[in-house]
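>>> sequence unknown, structure follows:
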């Protein structure tokens, strides 16, 4: 049921001091349509969403909902008016101190008119109804910290859906979801669209965009630079408008590996799993791909000493390698860019150079005193190399866009020499331009180490790696040189079809 515009933004402006982030944005969200918003990191997407959801106030412009002025002073006001947002940072959508059931019903418990008395049975009954509508198969008594990243994401989305919104804003909602979970989300979006909900969907995943978009709006430097509604949708045009130039991307030339840097023999990462044997060479970038939950993060954590293997052996730089902790892995020259930058990566109270130097303070200290000059010089080099958008290395991490925060996390581990450099979902939540900046930096600096990236999106593997390994059921089930790949076979392996060969 597609109707007239239910939500309109006109001339929206927002500045932080002298920095203008939004320069007169105009946007219409129509009932029963999915509008995809694309924009490079730093283009103003997060600021726009935070104004609409009541986190920030606007400097100028207007917003209307169903023809009436809309100016929420708080997120709670926006929600009560029918505008609900699922933010990219999962932790903004769940309360870690509470269980799943309470999270799913929290907004009802805290709304005006709610009972002063907490009724656990009523909470569980309402939470079960929300979970069933969402197809959420999670223990309602589970604590949020005990859930996987994907399950926390699903709880955050389910909590938002419980409000029965007029306008729903989803910011990179599938970044942590398996294909089955993403399919459930897409089905739910289809139902909401059919019931006249206006949906703003922020994503750079072309698979999501092709599946959902009725229109695409491109944002660059705080202004709308393109709207694409004519069928078939011009995806390439939307990307080009977002970037401000043609985004032709030549296929990489797969390089042969040099001498063996890392080797695993009969490595078992989970009880009952088939053993893994692999060899990684100097200068080689190897991507490990597969669906969410097949063991990519478990393998990364095993190689980094964060979990113990159930069997097998490893060697690094010609020496036996069996780290009992991440600290031992780092000392041996194995580094890992963790998947969840919010929990395992950035320290939001630190600035850029403090975040970059954090794991290596001992190496760049003199007599136990941090050498600030050295830290800042290293950070300036990395800011320039990776194109991190900031004023200086002293900027607080909280002032950076998600993509630039991710670049800082990658840069952190590139300030020191590694033998084995691992990155778990390094492109999660970053735009196409930032993704290619990171991939280009990895390839340009690959000599002298071996690089292992763990990615769910196949495009990310194809754009970055010399070799692609496919995981399923906690083991490696396929291997492909990134040249003339048999895509049918690769996709069958990713889907877990044992007879893919």
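Everything's here; your move. Predicted model only: the values in this text are computed from it and were never measured.
>>> contacting residues for residue 257?
Contacts for residue 257 (Cβ atoms under 8 Å, 6 or more residues apart in numbering) come out as 279-284, 450, 466-467. In this view, the C-beta of every residue, glycine as well, is placed from N, C-alpha and C.
>>> what about it, distance to residue 280?
In this view, residue 257 and residue 280 are 7 Å apart by Cβ to Cβ, to the nearest Å.
>>> now do residue 230
The value you get for residue 230 to residue 280, if Cβ to Cβ is used, is 47 Å.
>>> who has more neighbours, those two?
Taking neighbours as other Cβ atoms under 10 Å, residue 230 and residue 280 compare with residue 280 leading, 22 against 9.
>>> of the contacts of residue 257, buried ones?
Neighbour counting with 16 or more other Cβ atoms under 10 Å marks 280-284, 450, 466-467 as buried within those.
>>> just the ones of those in strands?
In strands, defined here by DSSP state E, the members of the buried ones among the contacts of residue 257 are 280-281, 450, 467.
>>> which pair in the residues you listed spans the largest distance?
The distance between the two most remote of these (Cβ to Cβ) is 10.6 Å, for 450 and 467.
>>> shared neighbours, these two?
257, 284, 286.
>>> tabulate these in a markdown table, adding columns for pLDDT.
Below are the shared contacts of residue 450 and residue 467 laid out as a markdown table (pLDDT from 0 to 100):
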| residue | pLDDT |
| --- | --- |
| 257 | 91 |
| 284 | 97 |
| 286 | 97 |
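>>> adding distance to residue 22, write those out as TSV.
Output for those, formatted as TSV (distance: Cβ to Cβ, whole Å):
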residue	distance to residue 22
257	47
284	43
286	41
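>>> closest to residue 381 among these?
Closest approach to residue 381 among those (Cβ to Cβ): residue 284, at 24.5 Å.
>>> how near is the closest one to residue 462?
The separation that residue 284 has from residue 462, given Cβ to Cβ, amounts to 16 Å.
>>> re the thing from before, tell me which of the shared contacts of residue 450 and residue 467 fall in helices.
Of the positions in the shared contacts of residue 450 and residue 467, not one sits in helices, assigned by DSSP state H.
>>> closest one of those residues to residue 419?
Nearest member of these to residue 419, counting by Cβ to Cβ, is residue 284, at 12.4 Å.
>>> one step back: wait, which of the contacts of residue 257 is closest to residue 431?
Comparing those against residue 431 with Cβ to Cβ places residue 466 closest, at 24.1 Å.
>>> just give the closest residue to that closest one, not the sequence neighbours.
In this structure, residue 466 finds its nearest non-sequential neighbour in residue 254, 4.4 Å apart by Cβ to Cβ, 6 or more residues apart in numbering.
>>> now do the contacts for that neighbour.
So residue 254 contacts 466-467, 481-483 (Cβ under 8 Å, 6+ apart).
>>> sec struct for it, please.
coil (DSSP: H, G, I helix; E, B strand; the rest coil).
>>> try residue 22
Three-state assignment for residue 22 (three-state DSSP): strand.
>>> state the distance from it to residue 83.
Counting by Cβ to Cβ, the gap from residue 22 to residue 83 is 17 Å.
>>> also residue 285?
From residue 285 over to residue 83 the distance is 43 Å, taken as Cβ to Cβ.
>>> point out where the stretch 101-250 of the chain drops to low pLDDT.
Within the stretch 101-250 of the chain, the set of residues satisfying pLDDT under 70 comprises 107-119, 175-176, 178-179, 246-250.
>>> run the last query once more with 90
Within the stretch 101-250 of the chain, the stretches with pLDDT under 90 are 101-139, 141, 143-165, 171-189, 191-195, 203-210, 221, 235-236, 238-250.
>>> show me the helices in it, by range?
Applying DSSP state H, counting those that start in this stretch to the stretch 101-250 of the chain gives helices spanning 120-134, 149-161, 179-194, 206-212, 235-243.
>>> buried deepest among those, which one?
helix 149-161 (a mean of 23; mean count of other Cβ atoms under 10 Å).
>>> now the angle from it to helix 179-194?
Using axes from the mean of the first three to the mean of the last three Cα atoms, to 10 degrees, one finds that helix 149-161 and helix 179-194 are set 10 degrees apart in direction.
>>> check which helices and strands helix 149-161 sits against.
Contacting helix 149-161 under the criterion 3 or more Cβ pairs under 8 Å, 6 or more residues apart in numbering; DSSP states H and E are the following elements: strand 83-86, helix 100-110, helix 120-134, strand 167-171, helix 179-194.
>>> 7 Å instead, please
Helix 149-161 makes packing contacts with strand 83-86, helix 100-110, helix 120-134, helix 179-194 when contacts are defined by 3 or more Cβ pairs under 7 Å, 6 or more residues apart in numbering; DSSP states H and E.
>>> returning to what we had before: closest one to residue 446 among the helices of the stretch 101-250 of the chain?
Minimum separation from residue 446 across the helices of the stretch 101-250 of the chain (Cβ to Cβ) falls at helix 235-243, 25.0 Å.
>>> next helix or strand past that closest one?
For helix 235-243, the succeeding helix or strand toward the C-terminus, using DSSP states H and E, is strand 260-268.
>>> strands paired with that next one, and their directions?
According to DSSP bridges, strand 260-268 has the following sheet partners: strand 276-281 (antiparallel), strand 311-316 (antiparallel).
>>> can you add mean pLDDT and distance to residue 360 and give those back as JSON lines?
Listed next are the strands paired with strand 260-268 as JSON lines, based on pLDDT from 0 to 100; distance: least, Cβ to Cβ, whole Å:
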{"stretch": "strand 276-281", "mean pLDDT": "96", "distance to residue 360": "23"}
{"stretch": "strand 311-316", "mean pLDDT": "97", "distance to residue 360": "18"}
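>>> so which of these gets nearest residue 160?
strand 276-281 (38.3 Å).
>>> contacts made by the closest one with the rest, please.
Strand 276-281 has contacts (Cβ atoms under 7 Å, 6 or more residues apart in numbering) with 257-267, 269, 286, 450, 452, 469, 475-476.
>>> kindly report the same for stretch 455-474.
Residues from elsewhere that reach stretch 455-474 (Cβ under 7 Å, 6+ apart): 205, 249, 252, 254-255, 269-270, 273, 278, 284-292, 294-296, 298, 425, 427, 435-436, 439, 442, 453, 476-482, 490, 493-494, 496.
>>> what's the end-to-end length of that stretch?
Start-to-end span of stretch 455-474 (Cα to Cα, to the nearest Å) is 15 Å.
>>> tell me how far it lies from the chain's centre.
Computed by Cα atoms, centre = their mean, to the nearest Å, the chain-centroid distance of stretch 455-474 equals 16 Å.
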